[in-house]
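K.L.:
I would like to see how this sequence folds:
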Amino acid sequence: MRQPPGLLISAPSSGTGKTTVMLGLLRALRDKGLEVQPFKSGPDYIDPAFHLAAAGRNSYNLDSWAMSDALMENLVALSDGSDLILTEGSMGLYDGVAKRGQFGHGSSAETALAFGWPVILIVDVSGQAQSSAATALGFSYYNKKINIAGVILNRVASPRHERLARLGFEKAGLKVLGSLPRRGDLVLPERHLGLIQAVEHPNLEQAIADYGNFLASNVDLDLMHELAQNGVKSAESKSQLNLPNPPGQRIALARDEAFSFTYPHILQHWHASGAELSFFSPLLDEKPDKSADVIWMPGGYPELHAGKLAAAENCFSAIRDHAQTRPVHGECGGYMVLGSQLIDKEGTLHKMVGLLGLVTSYAKRKFNLGYRLAETNSPVEIFSSNKKLRGHEFHYSSIIEQPDEPLFFVKDAEGNGVSETGSVRGKVSGTFFHMIAEAN
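P.N.:
As a prediction, the model looks like this:
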């Protein structure tokens, strides 16, 4: 099976309006009658939910640092039946992991090369005109294997500004596919981890419809589609996908505004492997399925809902009862909630489930960001066959107490030890990193 033609949407840096442009393109192309398959390059776990809302198809992460080639190829094979692949890059095009003898590992450029996708560069021209073309030209020369097929000018101040900027790109020999006038209303709300979650947006459908109309009016969508290229042949074998086995046959998954950060490819794999997923909302004080083999508490924003969670005694009691005989695991925010106490940004202490001794504070902020390579330190039922994992950590919470046994030996992408090891007590475990794949 050949892939549909594809493009990777990237930029020189974060903060250029890349996600807004991506959502507008997805909706504008969908409105033209195209079936567009979205992907996200890198470990971001917020953007795929926005992609789903814009394109009407599940979006999956592609991560060349954390995933095997076979896993990425099989994920791209999920684009079967679509007319076009659009992949949103993360950070700047060439930004990735740095280690001895190698740079840019896990970058959006690496993803584009892996699948033969041309790159559309979103260039923020605010504060400059012809000079913006020099930036884009540098990106095209930095790695000549990368095909910068065209650019979209963003935050254009006036027709004169656009004319001057286009002159620069004409001289540089770079196609301008569109020009987006500066509009302060076309932004997505943000908080400390970046964008708010899609589920929290007060009027997401209307916002995406506006983005779609804006992009359709200002970008040559037909030319953009023509520039897309078919990539490599997708893998048909499902061997050596390096995906963690489902933690149980019946998995009860917390899901609401406080618990929503689960990688779509993980859930897709668990379902494809025959696991049965059920969902419950701790914020609504719902109990998990009594018949579940395991309770899985994903990450999210529990620090914003700590008071309401602390009052969810029906839910918390059911989780405690489950943990007497069956496993419970938490990732990041879910890990914090399985601890004994959570301190919010005002310094107020809230009692949590108490199955682990962990005490965390958002009042005492500490920035934690990066890839993680984890090797099991303690035998835990749900990780018995997944002894080495690759994941990603991104939060601002500090550990005040972590009295339980470490769950993993953890290193960052450069091989340095990381103090956030996760912890385990009985059948209960948790980590601050979000699991992406098994390590080779």
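K.L.:
quick one: L78 and R250, what's the gap?
P.N.:
Distance check for L78 against R250: by C-beta to C-beta, to the nearest Å, it reads 25 Å. The C-beta positions use only the backbone N, C-alpha and C, and glycine is treated the same way.
K.L.:
Looking at these two, which one has more neighbours?
P.N.:
L78 (18 against 15; other C-beta atoms under 10 Å).
K.L.:
Pretty sure G334 sits against I295.
P.N.:
No. Applying C-beta atoms under 8 Å as the test, G334 and I295 come out as separate, 9.3 Å apart.
K.L.:
which residues are common contacts for these two?
P.N.:
A254 (C-beta atoms under 8 Å, 6 or more residues apart in numbering).
K.L.:
where does the protein dip in pLDDT?
P.N.:
1-2, 99-103, 184-202, 232-240, 385-386 (pLDDT under 70).
K.L.:
Mind checking what secondary structure the residue lying farthest from the centre of it has?
P.N.:
Within the chain, the residue lying farthest from the chain centre (C-alpha atoms, centre = their mean) is R160, at 37.6 Å. On the three-state scheme (DSSP: H, G, I helix; E, B strand; the rest coil), R160 is labelled helix.
K.L.:
Spell out which residues sit in contact with it, please.
P.N.:
Counting by C-beta under 8 Å, 6+ apart, R160 has no contacts.
K.L.:
distance of S82 from E393?
P.N.:
For S82, the distance to E393 - C-beta to C-beta - is 32 Å.
K.L.:
Break this structure down into its domains, please.
P.N.:
5-230, 250-438 (automatic domain parsing).
K.L.:
L241: which of those is closest?
P.N.:
L241 sits nearest to domain 5-230 of all these, at 4.7 Å, using C-beta to C-beta.
K.L.:
Start and end of that closest one, how far apart?
P.N.:
4 Å (C-alpha to C-alpha, to the nearest Å).
K.L.:
Work out the gap between that domain and the centre of the chain.
P.N.:
Counting by C-alpha atoms, centre = their mean, to the nearest Å, domain 5-230 is centred 14 Å from the centre of its parent chain.
K.L.:
and R365, how many neighbours?
P.N.:
Neighbour tally, R365, other C-beta under 10 Å: 13.
K.L.:
got the contact list for the spatially closest residue to D95 that is not a sequence neighbour?
P.N.:
Among residues not flanking D95 along the chain, S107 sits closest, at 5.7 Å (C-beta to C-beta, 6 or more residues apart in numbering). Contacts for S107 (C-beta under 8 Å, 6+ apart) come out as S64, M91, L93, Y94, D95, G96.
K.L.:
Closest one to H305 out of these, please.
P.N.:
M91 (28.9 Å).
K.L.:
how close does A363 get to I400?
P.N.:
For A363 relative to I400 (C-beta to C-beta), the value is 10 Å.
K.L.:
any shared contact partners between these two?
P.N.:
I343.
K.L.:
Quick one: the strands in the stretch 151-300 of the chain, in order.
P.N.:
Assigned by DSSP state E, counting those that start in this stretch, the strands in the stretch 151-300 of the chain fall at 176-181, 190-191, 194-195, 229-230, 250-254, 276-280, 294-297.
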